[in-house]
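> Turn this into a model:
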Amino acid sequence: MAAHPRRRTAVIVVSLFVGLATAGGARADNVPSIVVTPYFLPTSIAKAGSTVSVITADQIAQSSAGSVADLLSTVPGVTVTQSGGVGGQTLVSLRGAEPGHTLVLIDGVRVNDPASARDEFDFATLAVTDIARIEILRGPQSALYGSDAMGGVINIITKRPSGAMHGSATVEAGSYGTVRTTVSAGGTSGPLSLQASGTYFSDTGFSRVGNRDQGEPDGTDKLAGTVRGTFDAGDGTRFEFGLDAYHQASKIDETPGPYYPNGGDLPGYTSTRDLVAGFGRLLFPTMNGSVASSLTFFATDTSRDYGEPTKDTFYRGTDSGAEYQGNLRLGSMGSLLVGARVEQVTASEQVSNQVAPAFDESKLLYAGYLLYQLPVDAHLNLSFAARHDGEVDGQGFTTGRFTAVYDLPAADARIHASIGTGAKRPTVFQLSYNPDLLPEQSVGADLGLDKTLLDGRLTTSVTGYWNRFENLIDWDPSIPPYGNYANITEAETAGVEATVTARLIPGKLTSSLSYTYLYSRNLATGLPLKRRPAHSGQLSLTYTGIANLEAGVAATLVGTRFNDAAATVKLPAYVRVDLNGRYRVNDALSVFARVENLFNADYQEASGYNTAGLSAYAGLTWKH
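From the prediction side, this is the model:
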């Protein structure tokens, strides 16, 4: 009899753990990267119990990636689904959870779309501009971040202003009529620091559906701008502010399929999306400096406009409010962070040929939470978190999280583990159909081992995880008269995430391998969840053996998966090979190039929607 997928996952994890723990190796330092998403405050990644990955500014520059989604697709446990290339809807899920279970932050401000059906975030709207790093925190994180964080959190952090006045400019051109220009400038004068950037992107694209190269091309235009500032008043008091704005206009041609009673296709349309997010944050000491406090005011405005031949549909969602955090230092007993949040969320849909909006609702939400971090000794660090989310005249939920990290210095390793619960309140869109919906709920756990071998030349990491989702909201066609949303679905995911980084030839050749095994099931039907590949991974090589030159090749594997919940449409596996290179001409000027889909792999991430073929891009960056 074949082993149950969960037992098979456990065997894989244990085998990898034993192999890594018994392998020899000299001592090496833990990864020194600092992260903020797991505990709100800057923390060594080596002290994080939850699984977190970081895409750094150097990695972003070296890859010359064309989109944030391209960057995320290299991270274990992350599934990216893009419908029709640049400008097409781009959704990201973590560890097999729904895309709406991924909370997305920009500079700590949540930007999920309150007016979307699942409160998802469409990564197609973003442009790669002035990003300092991206932190991907996997596993249920509702105990810190509330609704939407059932699968994890993606925090996009823009560059902080610092140092003397500086500036940069990047221009790029390539296949499908692509043109991209980015400028940025910043610096510090006395107590004031500012950083600003702007990006323009345009392409003529390819036909998103039908014949990719023979059909009518569907282009996209993007504009993006960021501003970040700090005023340091001294004595530990500082004011920070930021503003991020994104605009995208895309053309979507006819979508194939019997969407109409007469069997015709869905006609083409235009899509315009705008996102504005801003914050102001005051950081100040209280109680004679024993408590580090912050008070943040935030606001986001997300809009989508779909222009079809016979009508215009406009969605708008806003989120504004304030959040207080106070971190009490307890010496050898660790630290206690307490927080409170209040926010007003609105969402509406307006159709041009209808007098009344399809929905137009507002919610007043509140939350209180605490996070206790306890360094038990020099090797063991624990954390406990709990949060209650409520809604005035509505429902609430309570979630929790526990993490542990244990250092094994003699083995150059660390063990990390976490367990937590998650929840997601029904969206305004869903409640407009059924006001009696309950919050979705989940529980999840993971266990991982990080180890360094061969005097630091080999770094390995393996993590096993399990999640169970209950009260999931789905459309139930059996509810009279025409069907309705209901809490009818349960799901389960489990898997393994593994990475290996090796300095094959120190100073010249580095290799990185990542692999994800994902088991996913809809427990109501016994079928795999749609668009979740069981196997995926990436192998990359980076060469730096020539002065001022860095060149790389990456092969990405995505295994077979089903496009639909009924598991009737299978998407074949594919391998895509990409090249990239960057040469520093002098201290001010660098040139770069990349080739995507080198062998012109023919594949789809969503059935019926095309992806780019062999394409090439080149550009230069000037810094002062």
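> Now the terminal residues of stretch 566-579, how far apart.
37 Å (C-alpha to C-alpha, to the nearest Å).
> who's in contact with that stretch?
Contacting residues not belonging to stretch 566-579 are listed as 527-528, 530-531, 533, 535, 551-563, 594-599, 601-605, 607 [C-beta atoms under 8 Å, 6 or more residues apart in numbering]. C-beta here means a position set from N, CA and C on the backbone, and glycine is covered the same way.
> filter the residues you listed to the buried ones?
For the contacts of stretch 566-579, a neighbour count by 16 or more other C-beta atoms under 10 Å gives the buried set as 527-528, 530-531, 533, 551-554, 556-559, 561-563, 594-598, 604-605, 607.
> circling back: so which of the contacts of stretch 566-579 belong to helices?
The helices, defined by DSSP state H, take in nothing from the contacts of stretch 566-579.
> I'd guessed Arg118 sits against Pro99; true?
Yes. Counting by C-beta atoms under 8 Å, Arg118 touches Pro99, with 6.8 Å between them.
> Comparing these two, which residue is more hemmed in?
Between Arg118 and Pro99, counted using other C-beta atoms under 10 Å, the more crowded position is Pro99 (25 against 18).
> Send me stretch 219-235 as PDB with only the CA atoms.
C-alpha atoms of stretch 219-235 as PDB (Å, rounded to 0.1, in the frame of the first residue of the first chain):
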ATOM      1  CA  GLY A 219       0.400  46.000 -24.100                       C
ATOM      2  CA  THR A 220       0.900  47.500 -20.700                       C
ATOM      3  CA  ASP A 221       2.000  50.900 -19.300                       C
ATOM      4  CA  LYS A 222       3.200  51.400 -15.700                       C
ATOM      5  CA  LEU A 223       4.100  54.400 -13.600                       C
ATOM      6  CA  ALA A 224       5.400  54.100 -10.100                       C
ATOM      7  CA  GLY A 225       6.800  56.500  -7.500                       C
ATOM      8  CA  THR A 226       8.100  56.300  -3.900                       C
ATOM      9  CA  VAL A 227       9.000  58.800  -1.300                       C
ATOM     10  CA  ARG A 228      10.600  57.900   2.000                       C
ATOM     11  CA  GLY A 229      11.700  60.400   4.700                       C
ATOM     12  CA  THR A 230      13.000  60.600   8.300                       C
ATOM     13  CA  PHE A 231      13.300  63.500  10.700                       C
ATOM     14  CA  ASP A 232      15.500  62.700  13.700                       C
ATOM     15  CA  ALA A 233      14.700  65.000  16.600                       C
ATOM     16  CA  GLY A 234      17.300  63.400  18.900                       C
ATOM     17  CA  ASP A 235      16.900  61.800  22.300                       C
END
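> Could I get the average pLDDT for it?
Computed over stretch 219-235, the mean pLDDT rounds to 93.
> Tell me the buried residues in it?
So for stretch 219-235, counting by 16+ other C-beta under 10 Å, buried means 219-230, 232.
> is it possible to export those to JSON lines including secondary structure?
Converted to JSON lines, the buried residues of stretch 219-235 look like this (DSSP: H, G, I helix; E, B strand; the rest coil):
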{"residue": "Gly219", "secondary structure": "strand"}
{"residue": "Thr220", "secondary structure": "strand"}
{"residue": "Asp221", "secondary structure": "strand"}
{"residue": "Lys222", "secondary structure": "strand"}
{"residue": "Leu223", "secondary structure": "strand"}
{"residue": "Ala224", "secondary structure": "strand"}
{"residue": "Gly225", "secondary structure": "strand"}
{"residue": "Thr226", "secondary structure": "strand"}
{"residue": "Val227", "secondary structure": "strand"}
{"residue": "Arg228", "secondary structure": "strand"}
{"residue": "Gly229", "secondary structure": "strand"}
{"residue": "Thr230", "secondary structure": "strand"}
{"residue": "Asp232", "secondary structure": "strand"}
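> Throw the residues you listed into JSON lines and include distance to Val153, thanks.
Shown next, in JSON lines, are the buried residues of stretch 219-235 (distance: C-beta to C-beta, whole Å):
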{"residue": "Gly219", "distance to Val153": "32"}
{"residue": "Thr220", "distance to Val153": "27"}
{"residue": "Asp221", "distance to Val153": "30"}
{"residue": "Lys222", "distance to Val153": "24"}
{"residue": "Leu223", "distance to Val153": "27"}
{"residue": "Ala224", "distance to Val153": "22"}
{"residue": "Gly225", "distance to Val153": "24"}
{"residue": "Thr226", "distance to Val153": "20"}
{"residue": "Val227", "distance to Val153": "24"}
{"residue": "Arg228", "distance to Val153": "20"}
{"residue": "Gly229", "distance to Val153": "25"}
{"residue": "Thr230", "distance to Val153": "24"}
{"residue": "Asp232", "distance to Val153": "28"}
